[in-house]
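1. would you be able to build a 3D model of this:
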Amino acid sequence: MVEIAKAILEFIIVFLMIYSGYYFLSYKKLKKYDRKKSPVNIRYLVLKYNLDIVKLGYKRVFKTLMLSDSFIVAFMFVITRSVDNVYVRLLISFVLIFPMFAGVYYLIAAYYRKECE
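-> Numbers count the residues shown, from 1 in each chain. Down below sits the predicted model:
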């Protein structure tokens, strides 16, 4: 039970650190939506899922992506924390990160697509 509480606490700490980093380094500098200067994750949603970012609200979508990216990084940290070897940990993270991003971004796009209708 103590190990589960430690894992949850680590998750929360890492999540808050990553989210606050995103917030202060990216969100504070956010200007109006510009296709050429938009972040890669927003461009991915526009190209892959054909979302209208202007209609949805640029800052709103950016906040959602900040939350999801922070969740993914914190989750990957907690999942791989039991592996002692750095190289194996990096390999596991590399293998898991792409399907995780694809799945979470698919859910976000499905939510926003449903909302646009």
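
2. quick one: contacts of the least confident helix or strand in the chain by mean pLDDT?
-> Lowest on mean pLDDT, DSSP states H and E among the helices and strands of the chain sits helix 53-56, with a mean of 88. Residues outside helix 53-56 that contact it (Cβ atoms under 8 Å, 6 or more residues apart in numbering): 33, 38, 42, 45, 46, 61, 112, 115, 116. Where C-beta positions appear, they are placed from N, C-alpha and C, glycine not excepted.

3. how close does the fifth one sit to residue 56?
-> This means residue 46. From residue 46 over to residue 56 the distance is 10 Å, taken as Cβ to Cβ, to the nearest Å.

4. again, but for the first one
-> Summarising the geometry, the distance separating residue 33 from residue 56, computed by Cβ to Cβ, is 10 Å.

5. do the same with the second one
-> Here the distance between residue 38 and residue 56 works out to 13 Å (Cβ to Cβ).

6. can you tell me the element the spatially most central residue of the chain falls in?
-> Centroid-nearest residue in the chain, with Cα atoms, centre = their mean: residue 69, separated by 1.3 Å. Following DSSP states H and E, one finds residue 69 within helix 58-80.

7. ok, residues contacting that helix?
-> 7, 10-12, 14-15, 18-19, 22-23, 26-27, 30, 32-33, 38-39, 41-42, 45, 51, 53, 89, 92-93, 96-97, 100-101, 104-105, 108, 112.

8. so which of those residues belong to strands?
-> Using DSSP state E to define strands, no part of the contacts of helix 58-80 is located there.

9. which among the residues you listed end up buried?
-> Of the members of those, the ones counted as buried by neighbours, 16 or more other Cβ atoms under 10 Å, are 11, 14-15, 18-19, 22, 38, 41-42, 45, 51, 53, 89, 93, 100, 104-105, 108, 112.
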